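K.L.:
Quick one: sequence plus predicted model below, questions after.
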Amino acid sequence: MLEHLTVVRHPLVQHKLTLLRDKNTSTAGFRRLLREISLLLAYEVTRELDMTTCTIDTPLEPMEAPILDGKKLALISILRAGNGLLDGILELVPAARVGFIGLYRDPETLQPVQYYCKVPAELEDRMVIVVDPMLATGNSSVAAIDLLKKAGAKNLRFLCLLAAPEGVARMREAHPDVPIVTAAVDSHLNDHGYIVPGLGDAGDRMFGTK
């Protein structure tokens, strides 16, 4: 079982994260880097997928070879910024089932407001990976996982680019059974609920909006 919090310190992850943080990185560059780093983070978050064997013929002889077992895994994007991580992971696992949970953070209360939810069937039989670049207050992440557990999910992971200590603590309190995989845990949240030093609003930087 993965630890509750795994920080991926691979040199390529850290290098690309630095470029993502830089305010001078263009929208196109931000999208490309986010897709690239998601591939590297996906390697860590999928390391416990169930395996079995099957018989194949190599050019030399038959053999029993390892292959993924069970239902296809499910990737759940927390809209809208989660799609930046989703695209990269799908390059690695193109057969994954995909779902979307639409949440936005009320600027006054910092609490999540749900506006959309569409997830794959048979979540109880799948590894479910929830993706969102930022784990800030943790309120949206907790709300999304609440929804997924109600839909039957039992084997969950949360994948993010950056986390704040406050978000990690909130997730540990609400869902101690859900491991978190991230590239970094930053210093703190500011008064507006943004991760500091962070990288700004991931959705705005990815889509070129303000």
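P.N.:
Done, it's in. Small disclaimer: the values here were computed from a predicted structure and weren't measured. Numbers count the residues shown, from 1 in each chain.

K.L.:
Name the single longest strand found in this protein.
P.N.:
Here the longest strand in the chain is taken by residue count, with DSSP state E as the criterion, and it is strand 97-105.

K.L.:
ok, that one: who's next to it in the sheet?
P.N.:
According to DSSP bridges, strand 97-105 forms sheet pairs with strand 74-79 (parallel), strand 112-118 (antiparallel).

K.L.:
Does anything pack onto the helix or strand following the shortest one? Which helices or strands?
P.N.:
With elements assigned by DSSP states H and E, the helix or strand that comes after strand 74-79 is helix 82-92. Counting by 3 or more C-beta pairs under 8 Å, 6 or more residues apart in numbering; DSSP states H and E, the packing neighbours recorded for helix 82-92 are helix 27-45, strand 74-79, strand 97-105, strand 127-131. Where C-beta positions appear, they are placed from N, C-alpha and C, glycine not excepted.

K.L.:
Point to the helix or strand of the chain where mean pLDDT is at its lowest.
P.N.:
Taking all helices and strands of the chain together, the one with the lowest average confidence (mean pLDDT, DSSP states H and E) is helix 202-207, at a mean of 84.

K.L.:
Which positions in that helix come out as buried?
P.N.:
With burial defined by 16 or more other C-beta atoms under 10 Å, the residues of helix 202-207 counted as buried are 202-203, 205-206.

K.L.:
roughly how far out does that helix sit from the chain middle?
P.N.:
Taking the mean C-alpha point of helix 202-207 and that of its whole chain, the gap between them comes to 16 Å (C-alpha atoms, centre = their mean, to the nearest Å).

K.L.:
For that helix, list the C-alpha coordinates in PDB.
P.N.:
Extracted as PDB, the C-alpha positions of helix 202-207 are listed here (Å, rounded to 0.1, in the frame of the first residue of the first chain):
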ATOM      1  CA  ALA A 202      -3.600  26.100 -12.700                       C
ATOM      2  CA  GLY A 203      -6.800  26.400 -14.700                       C
ATOM      3  CA  ASP A 204      -6.200  30.000 -15.700                       C
ATOM      4  CA  ARG A 205      -2.600  29.200 -16.700                       C
ATOM      5  CA  MET A 206      -3.500  26.100 -18.600                       C
ATOM      6  CA  PHE A 207      -6.400  27.700 -20.600                       C
END
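
K.L.:
coming back round to it: need the helices and strands packed on helix 82-92 in a markdown table with distance to Lys149, mean neighbour count and mean pLDDT, can you?
P.N.:
Putting those into a markdown table (distance: least, C-beta to C-beta, whole Å; neighbours: other C-beta atoms under 10 Å; pLDDT from 0 to 100) gives the following:
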| stretch | distance to Lys149 | mean neighbour count | mean pLDDT |
| --- | --- | --- | --- |
| helix 27-45 | 18 | 19 | 92 |
| strand 74-79 | 12 | 24 | 94 |
| strand 97-105 | 12 | 18 | 89 |
| strand 127-131 | 9 | 25 | 95 |
